[in-house]
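K.L.:
Build me a structure from this.
(2 chains)
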Amino acid sequence: MIRRSLGLAVPYLFIVAFLAFATLFMVAPTVMLAAQSLSGDNGITFEYLQALGEYRYIVAFRNSIVLSAASAFVGVVAGGLIAHTVLKPSAPNSLRSAVTSFSAVAANFGGVPLAFGFVATLGSLGLLTQGLKSIGIDIYGMGFTLYSITGLTIVYCYFQIPLMVIIITPALQSLRVEWREACENLGATPAQYWRMVGLPVLLPSLFSSFILLFGSAFSAYATAYALTSGNLALLTTEIGNVLSGDVMSSPQTGAALSVGMIVVMVGVLGLSAFLSKRASRWHK
Amino acid sequence: MKRLGTGGWVILALAAIYFIGPLVLTVIFSMWEGRGHYGFDSYVTLLQRPNIVSSLVISVELSLATCAALVVLLVPAMVFMNLYAPKLRPVFEFIAALPFVVPAIALVAGLSALFTGPEWLIGTPFYLVIPYFFLALPYAYRAIDVGIRALDLATLTEAGLSLGADLGQIIRLVVLPNLRTALVGSTLLTLAVVMGEFTFANVLLFHTFAVLINEVGQNAPTEAAALSTLSFLITWLAMAGVLLAGRRGGVQLSGAR
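P.N.:
Numbering: from 1, shown residues only, chains lettered A, B, ... in the order given. A predicted model of the protein is given here:
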């Protein structure tokens, strides 16, 4: 009997340990952020959340959203086209597995190393920049800089496009050959097939992919920090600046910004879950 | 080679230029020694930096510690939850989804607001294992969950118990070997994520590999390019391991951006 009850105590101990760990170091810090953003000198205050309406934070919100939306849009279109190309039945298998493996690497190659790879390529002293200059195209003279929203979008696409290839592949594979053949037998052109069958079926998956890509860019910090040193206002770098004391802001402001981010992410992922539920109707 | 159509080839060619171009240029840039000379100078200088070995060691130690934490804390809890408390599944799912919703920079803000001590906890680089655990959690959880669902855990356990094994033996000799693929996959992925992780380390002021790359990059771009090359190779190796381990098990994604 003792052995038996001991036998059950141990499993529950492990479960409780995990739950306690998660509560202490994941749930509690999140709750703490919410509490901190509301805590004033004397009691609850909404002043810090209202401060999110200040011009500089509006700019950070806007920059983050524009950057995330732009890189997610390019990612969805380019990644979708690449996945579609390599998934064609006529595509060689070796090409398909090469693209899949490379996507797995590139989607995981983010952060600081990626940033400096692009500095070496498209920075003001980068090889591509210098090469173009030597043939008479001075992109920095034309107003381009890597350290802008446009530049960051180009860098972010390096992990956004492979991410898209990976997450859209199952949806593309679920487009049945029979549908296409039925369309062809009924005399539809490929364009008609895509407009009236393919895209409508894919649409929820495309939306939910867009949202996931949006989230991945929205929460990116390292790449942006290494490239802009916090000079281009993004939500993540603003929070980082508050945390490292680079700007004169109260910790409550950082907490309020974090709460703002979490709210956006909850909305984004909720929408994604809803859409992928709709998409799954076709994935029997 | 069979046909992809002109459009298909154009798309692939553009993709190849965009994805391979920066890699090649980064490697060339890392070998630039000025005035048209190329060589391995920046790699040699790198090795002579006082911090490089120690930061690399710290990052490797953190990767291993995070993997160990996942194996000790997450795997048994998931196995036992499936066996004895399946009602807790939604709670586990919720926890595994949380790191997606709370971006790294927000979690670190919360952690530093909540924990200002004790020194033995927040004063050592191993404090980072805690946030890294949650960074890896969504991916590790998914991989292990797939692995567990593919097993008939209840039957395996009953068979083991009726043969006289205790729970520890069953976990060690039956369950873990069956989860090998999932474990290897999530371990390597964790390795890749932790090696490149910057957000937590930078904000919490620990000198890891990614923090070093950033520091070097602010004043020595060719050395930073050399470090980027190294770090791409590390990611490549880890992912090659994941793909080999997973065979057709699909590709996983990380969150260290």
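
K.L.:
what residues are up against the closest residue to chain A within the stretch 51-200 of chain B?
P.N.:
Going by Cβ to the nearest Cβ, chain A is nearest to B:G110 of the stretch 51-200 of chain B, at 2.9 Å. Any C-beta I mention is one placed from the backbone N, CA and C, and that applies to glycine too. By Cβ atoms under 8 Å, 6 or more residues apart in numbering or on different chains, the contact set of B:G110 is A:28-30, A:32-33, A:255, A:258, B:102.

K.L.:
how about the helices in the stretch 151-257 of chain B?
P.N.:
B:153-162, B:167-170, B:176-178, B:180-196, B:199-203, B:209-219, B:221-246 (DSSP state H, counting those that start in this stretch).

K.L.:
Tabulate the ones you listed (JSON lines), appending mean pLDDT.
P.N.:
Listed next are those as JSON lines, based on pLDDT from 0 to 100:
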{"stretch": "helix B:153-162", "mean pLDDT": "86"}
{"stretch": "helix B:167-170", "mean pLDDT": "82"}
{"stretch": "helix B:176-178", "mean pLDDT": "83"}
{"stretch": "helix B:180-196", "mean pLDDT": "80"}
{"stretch": "helix B:199-203", "mean pLDDT": "87"}
{"stretch": "helix B:209-219", "mean pLDDT": "83"}
{"stretch": "helix B:221-246", "mean pLDDT": "79"}
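
K.L.:
Comparing those, which comes out most buried?
P.N.:
helix B:199-203 (a mean of 26; mean count of other Cβ atoms under 10 Å in any protein chain shown).

K.L.:
what distance separates that helix from the centre of its chain?
P.N.:
15 Å (Cα atoms, centre = their mean, to the nearest Å).

K.L.:
name the helices or strands packed onto that helix?
P.N.:
helix A:222-228, helix A:235-243, helix B:104-114, helix B:129-149, helix B:209-219 (3 or more Cβ pairs under 8 Å, 6 or more residues apart in numbering or on different chains; DSSP states H and E).

K.L.:
Can you convert these into TSV and add a column each for distance to A:K277?
P.N.:
As requested, the helices and strands packed on helix B:199-203 are exported to TSV (distance: least, Cβ to Cβ, whole Å):
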stretch	distance to A:K277
helix A:222-228	31
helix A:235-243	28
helix B:104-114	26
helix B:129-149	18
helix B:209-219	37
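
K.L.:
Go through these and name the closest to B:L14.
P.N.:
helix A:222-228 (22.1 Å; Cβ to Cβ).

K.L.:
Could I get the buried residue list for that closest one?
P.N.:
A:222-228 (16 or more other Cβ atoms under 10 Å in any protein chain shown).

K.L.:
just those now: which is nearest A:A22?
P.N.:
After measuring these against A:A22 - Cβ to Cβ - the closest member comes out as A:A222, at 24.1 Å.

K.L.:
Can you list the low-confidence ranges for the stretch 101-250 of chain A?
P.N.:
A:230, A:246-249 (pLDDT under 70).

K.L.:
With just CA atoms, put stretch A:226-239 into PDB.
P.N.:
What follows is stretch A:226-239, C-alpha atoms only, in PDB (Å, rounded to 0.1, in the frame of the first residue of the first chain):
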ATOM      1  CA  ALA A 226      21.500  45.500 -33.300                       C
ATOM      2  CA  LEU A 227      20.700  47.500 -36.500                       C
ATOM      3  CA  THR A 228      19.200  50.700 -35.100                       C
ATOM      4  CA  SER A 229      20.800  50.700 -31.600                       C
ATOM      5  CA  GLY A 230      17.400  51.800 -30.400                       C
ATOM      6  CA  ASN A 231      17.300  54.900 -32.600                       C
ATOM      7  CA  LEU A 232      14.400  53.900 -34.600                       C
ATOM      8  CA  ALA A 233      11.400  53.800 -32.300                       C
ATOM      9  CA  LEU A 234       9.800  50.400 -32.200                       C
ATOM     10  CA  LEU A 235       7.800  49.000 -29.300                       C
ATOM     11  CA  THR A 236      10.300  46.400 -28.400                       C
ATOM     12  CA  THR A 237      13.300  48.700 -28.500                       C
ATOM     13  CA  GLU A 238      11.400  51.400 -26.500                       C
ATOM     14  CA  ILE A 239      10.700  48.800 -23.800                       C
END
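
K.L.:
Any part of it near chain B?
P.N.:
Yes. Stretch A:226-239 lies within reach of chain B by Cβ under 8 Å from any Cβ of the partner chain, at A:226, A:229, A:236, A:239.

K.L.:
out of those, what pair is the most spread apart?
P.N.:
So, the residues of stretch A:226-239 next to chain B by Cβ to Cβ: farthest apart are A:A226 and A:I239, at 15.9 Å.

K.L.:
coming back round to it: what is the nearest of the buried residues of helix A:222-228 to chain B?
P.N.:
A:A222 (3.7 Å).

K.L.:
check contacts around A:L199.
P.N.:
By Cβ under 8 Å, 6+ apart, the neighbours of A:L199 are A:L206.

K.L.:
distance of it from A:F21?
P.N.:
45 Å (Cβ to Cβ, to the nearest Å).

K.L.:
wait, which of the helices and strands packed on helix B:199-203 is closest to B:M31?
P.N.:
Per Cβ to Cβ, nearest to B:M31 of the helices and strands packed on helix B:199-203: helix B:209-219, 15.8 Å.

K.L.:
Name the nearest residue to residue 70, sequence neighbours excluded.
P.N.:
Defaulting to chain A. Residue nearest to A:A70 in three dimensions, not counting chain neighbours: A:T153, with 4.7 Å by Cβ to Cβ, 6 or more residues apart in numbering or on different chains.

K.L.:
Please refer instead to chain B.
P.N.:
B:L70 sits nearest to B:A140 (Cβ to Cβ, 6+ apart), 5.2 Å away.

K.L.:
Go ahead and confirm the one you found touches B:T190.
P.N.:
Yes. Checked against Cβ atoms under 8 Å, the pair B:A140 and B:T190 is within contact range at 6.6 Å.

K.L.:
and for those two, which residues touch both?
P.N.:
Shared contacts of B:A140 and B:T190, counting by Cβ under 8 Å, 6+ apart, come down to B:L70.

K.L.:
A:F144 falls within a helix, correct?
P.N.:
No. According to DSSP: H, G, I helix; E, B strand; the rest coil, A:F144 belongs to no helix; its state is coil.

K.L.:
burial count for it?
P.N.:
15 (other Cβ atoms under 10 Å in any protein chain shown).

K.L.:
how much space is there between it and B:I17?
P.N.:
For A:F144 relative to B:I17 (Cβ to Cβ), the value is 18 Å.

K.L.:
just checking, A:Y158 touches A:A107?
P.N.:
No. Judged on Cβ under 8 Å, A:Y158 makes no contact with A:A107 at a distance of 9.2 Å.

K.L.:
of the two, who's got more company?
P.N.:
Applying other Cβ under 10 Å to A:Y158 and A:A107 shows that A:A107 carries more neighbours, namely 27 against 24.

K.L.:
for B:L25, what are its contacts?
P.N.:
A:120-121, A:126-128.

K.L.:
rerun that using 6 Å as the cut-off
P.N.:
A:120-121, A:127 (Cβ atoms under 6 Å, 6 or more residues apart in numbering or on different chains).

K.L.:
Apart from its chain neighbours, what residue comes closest to the residue of the stretch 51-200 of chain B closest to chain A?
P.N.:
A:P29 (2.9 Å).

K.L.:
and the gap between the one you found and A:A51?
P.N.:
In terms of Cβ to Cβ, A:P29 sits 21 Å off from A:A51.

K.L.:
swap in B:L73?
P.N.:
Counting by Cβ to Cβ, the gap from B:L73 to A:A51 is 38 Å.

K.L.:
Check A:P11 too.
P.N.:
Applying Cβ to Cβ to A:P11 and A:A51 gives a distance of 48 Å.

K.L.:
if we can go back for a sec, now the contacts of B:L25 in CSV, with neighbour count?
P.N.:
Formatted as CSV, the contacts of B:L25 follow (neighbours: other Cβ atoms under 10 Å in any protein chain shown):
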residue, neighbour count
A:A120, 30
A:T121, 24
A:L127, 20
